[in-house]
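Student: Got a predicted structure plus its sequence, pasted below:
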Amino acid sequence: PQATLEAAAKILESLDIDLGDLARHMDGETTTHTTVAEYLPTARAAASPACSEKYDYYWRLLSEGDSRCPCTCEACVDTRSVAECACGSEGHHFDPARRGLEEGATYPGMGDKSVAKVSTADIEVAAGWAQALAMKRNTVRARKRDLRGRHPRHDDGRSAKESFIRAARNFLTTACGDPGVPVSVNVAGGVAIPNRRAIEARHLDAEQLVELWEATLSGGEDPELDALLFWGQLELGARRSGLLNLTVADLDWANSTVRLHEKGGTSVNQPASRALIEELLGHVLERSDAAARGTTIEQVLAGEATIRVLTPALHYRRSKDGTPRRLTRRRFDTLWNRLRATLPWADQAGVRGHDLRRTGGVMIERIAGYPVARRWLRHDDGDVTGTYVDARPEDVARAHRIFVGEVGPTQMACSQFCQRRVATGV
């Protein structure tokens, strides 16, 4: 009878038993359930180092949950658990319905849940928690910035929600390709990525560039390294990864190019001034073991000295025992945190290294037009019309020569940086 079947279905559901698993068991097959927590190390191992670093927090949230109160009101900023929530008895502080969360609840995670039984609804709920907790973190940071007299930044947690969904998709994509896990559909693919906030196009004018450049040279414990990062991002339009992946082999002084290896595994020869290339060579000779001590730039360029070309181009200062120390991503954060703390207008605008790349792109576009700027920025935006009017490498090189020779900021960087090295003997 129908009533009996419905009752049986409810019992199976209450026991978290899948009908397919029950049928396989009746046929004598062994059924195993890999939980989210058990599969997480496998997903981590399958991901690239960059992907693992980016998604690790969200994977842990997916598996372990978070016991913090999600409320973002001032009374709850410092609470670590829902039991301490200062507004648990007064719901007007927190609007749970707006984010699809239950008031007074915490997110338990899905660590004990079978990977095969994770649903689209589970991912949607977890993504809502990721957004709510990101908003709480932003409230904490905003208060700290306010206490230091710095301008607060507003964040609605949308980027955290997007990152969580992408992390879940990555996790379940790995599971779908694993024959040991009975998952054939990536349910996270059914969760919509939130629309990104419109970002106001921001490029810097000459006066702002001068202020940033002077602040770069006049502070910090390693202004020479910071200046090279600034210069490289402006003149090359380089992303962080492009500078981090730079090696001696990528510096082509004869042809005035630098080969950038950036996101998506792309590599491209970018026009560069010989002044910048010489400074990068001098930097690597001073701070690494790429060549014998005392080797000069002139000897390298003349082919009179051997240099190990796979040596990274950018380094921190040597350690006390003289060991070279390769540059890491954290240096970019250190530089731009310092510049924002030094210049109030930069802090209020949230200026970052990527704005130098934007600025260079705007200057190139005004010199040579949109197709050349798109190629200089290395954008692949799927613009079919652009393929008909696409720029050639020589077009980009011509615009770059004008950029570094006639536009103030990069010429200023070349001359001032060289003058500083001569004056300090670096």
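Tutor: The structure has been received and is ready for your questions.

Student: Going by C-alpha atoms from here, please, whenever you check contacts or count neighbours.
Tutor: Will do.

Student: neighbours around D252, how many?
Tutor: Counted with other C-alpha atoms under 10 Å, residues neighbouring D252 total 18.

Student: the helices in the stretch 251-400 of the chain, which residues?
Tutor: Under the criterion DSSP state H, counting those that start in this stretch, helices of the stretch 251-400 of the chain are mapped to 274-287, 297-301, 330-342, 344-349, 354-368, 370-377, 384-388, 393-406.

Student: Distance check, the most centrally placed residue in the chain against A192.
Tutor: Against the mean C-alpha coordinate of the chain, by C-alpha atoms, centre = their mean, the closest residue is K54 at 7.2 Å. K54 sits 20 Å away from A192, going by C-alpha to C-alpha, to the nearest Å.

Student: can you check V185 too?
Tutor: Applying C-alpha to C-alpha, one obtains 16 Å for the distance of V185 from A192.

Student: higher neighbour count, these two?
Tutor: Counting neighbours by other C-alpha under 10 Å for V185 and for A192 shows that V185 has the greater number, 14 against 10.

Student: Quick check: nearest residue in space to the more buried one, chain neighbours excluded?
Tutor: Once flanking residues are discounted, V185 sits nearest to C176: 6.6 Å by C-alpha to C-alpha, 6 or more residues apart in numbering.

Student: From what I see, the one you found and N170 are in contact.
Tutor: No. Under the criterion of C-alpha atoms under 8 Å, C176 makes no contact with N170, lying 9.9 Å away.

Student: Can you pick out the residue with more neighbours from these two?
Tutor: Using other C-alpha under 10 Å, the more surrounded residue of C176 and N170 is N170, with 23 against 18.

Student: And what about that one, helix, strand or coil?
Tutor: Following DSSP: H, G, I helix; E, B strand; the rest coil, N170 is assigned to helix.

Student: so where's this structure shaky on pLDDT?
Tutor: Scanning the chain with the threshold set as pLDDT under 70 gives 1, 12-32, 74-75, 77-105, 198-201, 381-391, 406-426.

Student: top helix in it by residue count?
Tutor: Secondary structure of the chain read by DSSP state H shows that its longest helix is helix 120-147.

Student: Just the buried residues of that one, please?
Tutor: By neighbour count on 16 or more other C-alpha atoms under 10 Å, the buried set for helix 120-147 is 122-124, 126-143.

Student: Return the list of helices and strands in contact with that helix.
Tutor: Judged by 3 or more C-alpha pairs under 8 Å, 6 or more residues apart in numbering; DSSP states H and E, helix 120-147 is in contact with helix 49-64, helix 158-176.

Student: what's in contact with the last one?
Tutor: Pointing back at helix 158-176 there. Helix 158-176 has contacts (C-alpha atoms under 8 Å, 6 or more residues apart in numbering) with 40, 43, 46, 55, 58-59, 62, 115, 123, 127-128, 130-131, 134, 181-189, 191, 193-197.

Student: Likewise for the first one?
Tutor: Among residues not part of helix 49-64, those counted as contacts by C-alpha under 8 Å, 6+ apart are 36-37, 40, 44, 108-112, 126, 130, 163-164, 167-168, 171.

Student: now stretch 216-228
Tutor: Stretch 216-228 has contacts (C-alpha under 8 Å, 6+ apart) with W213, F230, E279, L280, L314, H315, Y316, R317, L335, R338, L339, F417.

Student: buried residues in that stretch?
Tutor: For stretch 216-228, the neighbour count (16+ other C-alpha under 10 Å) marks T216, L217, E224, L225, D226, A227, L228 as buried.

Student: Redo the residues you listed as a markdown table? Include secondary structure.
Tutor: Shown next, in a markdown table, are these (three-state DSSP):
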| residue | secondary structure |
| --- | --- |
| T216 | helix |
| L217 | helix |
| E224 | helix |
| L225 | helix |
| D226 | helix |
| A227 | helix |
| L228 | helix |
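
Student: could those residues be laid out in JSON lines, adding distance to F403?
Tutor: Listed next are the buried residues of stretch 216-228 as JSON lines, based on distance: C-alpha to C-alpha, whole Å:
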{"residue": "T216", "distance to F403": "21"}
{"residue": "L217", "distance to F403": "22"}
{"residue": "E224", "distance to F403": "23"}
{"residue": "L225", "distance to F403": "23"}
{"residue": "D226", "distance to F403": "21"}
{"residue": "A227", "distance to F403": "18"}
{"residue": "L228", "distance to F403": "18"}
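
Student: circling back: adding distance to A206, write the helices of the stretch 251-400 of the chain out as a markdown table.
Tutor: Shown next, in a markdown table, are those (distance: least, C-alpha to C-alpha, whole Å):
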| stretch | distance to A206 |
| --- | --- |
| helix 274-287 | 20 |
| helix 297-301 | 31 |
| helix 330-342 | 16 |
| helix 344-349 | 14 |
| helix 354-368 | 10 |
| helix 370-377 | 19 |
| helix 384-388 | 29 |
| helix 393-406 | 12 |
